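Engineer: Give the three-dimensional model of this entry:
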Amino acid sequence: MNAILIVDKRADHYAELIASALPEARLSVFSSPDDAGLEQAAAVAPIWLASASYAARVLARSPATPAWLQTTSAGVEPLFAPGLPRPQRASRAVGVFGQLMAEYVLTYLLAWRRHVFAWAQAQRQGVWEGPEPGSLQGLRIVIAGAGVIGQEVAGLLAPFGGSVRGVARQARPIAGFEQVYAQADLLEAAGWADVVVNVLPETPETRDIFDARFFAAMPAGGLFINAGRGTAVQDGDLVHALESGHLGAAAIDVCRIEPLPDTHAFWRTPGLWLTGHSAAPTLPALLTPLFLENLQRWQRGEALRGELHFERGY
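Structural biologist: As a prediction, the model looks like this:
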């Protein structure tokens, strides 16, 4: 059995799950990319299981690159840093975040429609009367990102009676969506939607796409949820849309800089709910089966689930 290097803050949990499935596995376990002995272990382990950010830090100083890297994260941007050595093959976490992401979206849709935060404020002020709650019935929802995660979000929302459309690279029929717009038609999608949910990955084509023109195109009072990538949003334009009252609310899980600096306007913007990159944490019990499946695929020389294509940028 090839040596497996695990570098993740939950490394011990991953090791326990992998050892249970593969008792013969030779595991090197590190909870931080700064742990002593990591570089030596990385140099002799052909298989790495690591978060993309941790893996990038190890690659930057390791004398060898892995034959295969499985990330514990869906986001893999650190691996594309200029000049960084690249694994021979790599795959990102896929198929493990959909349910969690869908629950996050549903949480803030309901909080927005039921005025949960306004009612909490009324309670603190000792006020019995409050805003009249709305329903998800009839809402027009656009999910930017119609891949596996977007489809799971759409599936969870389906029973609530809204109309759900998607945005993808190209317009095409995709199960779970009434219609799918091409990304080039994002402003048209915004004009139709009461709610826009971003779950797009970061690529050159998805950076800065949620800007002043986009927010102006949305109907007044709408909700914007960003659980995709912080670089997709022009921060100042979002703040202006909220402060002007045109946009009703925003749930922001991901930001351009994380942790968010103390001076950033998001901390003080009215109607903006900041959730600290917590929408869809990687749970070892969900990620380990993907790793074990991809391990078998890698050993057989087959395509990997979530395989990275560095030449495409994702």
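Engineer: From now on I want contacts and neighbour counts done on CA atoms only, so please keep to that.
Structural biologist: Will do.
Engineer: what residues does stretch 248-265 touch?
Structural biologist: The contact list for stretch 248-265 (C-alpha atoms under 8 Å, 6 or more residues apart in numbering) reads 108, 112, 220-231, 239, 242, 271-279.
Engineer: Go again with 6 Å.
Structural biologist: For stretch 248-265, contacts defined as C-alpha atoms under 6 Å, 6 or more residues apart in numbering pick out 221-227, 229-231, 271-277.
Engineer: Equivalent analysis for stretch 214-230, please.
Structural biologist: Residues contacting stretch 214-230 (C-alpha under 6 Å, 6+ apart): 187, 190-191, 194-201, 246-256.
Engineer: Which stretches in the stretch 101-250 of the chain count as strands?
Structural biologist: 140-144, 163-168, 180-182, 195-198, 222-226, 247-252 (DSSP state E, counting those that start in this stretch).
Engineer: chain center to the fourth one, what's the gap?
Structural biologist: Distance, stretch centre to chain centre, for strand 195-198: 13 Å (C-alpha atoms, centre = their mean, to the nearest Å).
Engineer: Repeat that for the first one.
Structural biologist: From the chain centre to the centre of strand 140-144 is a distance of 16 Å (C-alpha atoms, centre = their mean).
Engineer: the inter-axis angle of that strand versus strand 222-226?
Structural biologist: 20 degrees (axes from the mean of the first three to the mean of the last three C-alpha atoms, to 10 degrees).
Engineer: of the strands of the stretch 101-250 of the chain, which approaches residue 213 most closely?
Structural biologist: Residue 213 sits nearest to strand 247-252 of all the strands of the stretch 101-250 of the chain, at 12.4 Å, using C-alpha to C-alpha.
Engineer: And the helix or strand that comes right after the closest one, what does it pack against?
Structural biologist: Using DSSP states H and E, the next helix or strand after strand 247-252 towards the C-terminus is strand 272-274. Helices and strands touching strand 272-274, by 3 or more C-alpha pairs under 6 Å, 6 or more residues apart in numbering; DSSP states H and E, are strand 247-252.
Engineer: Partner strands of the strand it packs on, with direction?
Structural biologist: Strand pairing for strand 247-252, determined by DSSP bridges: strand 222-226 (parallel), strand 272-274 (parallel).
Engineer: Just the mean pLDDT for the first one, thanks.
Structural biologist: Model confidence over strand 222-226, given as mean pLDDT, is 98.
Engineer: No further questions, thank you.
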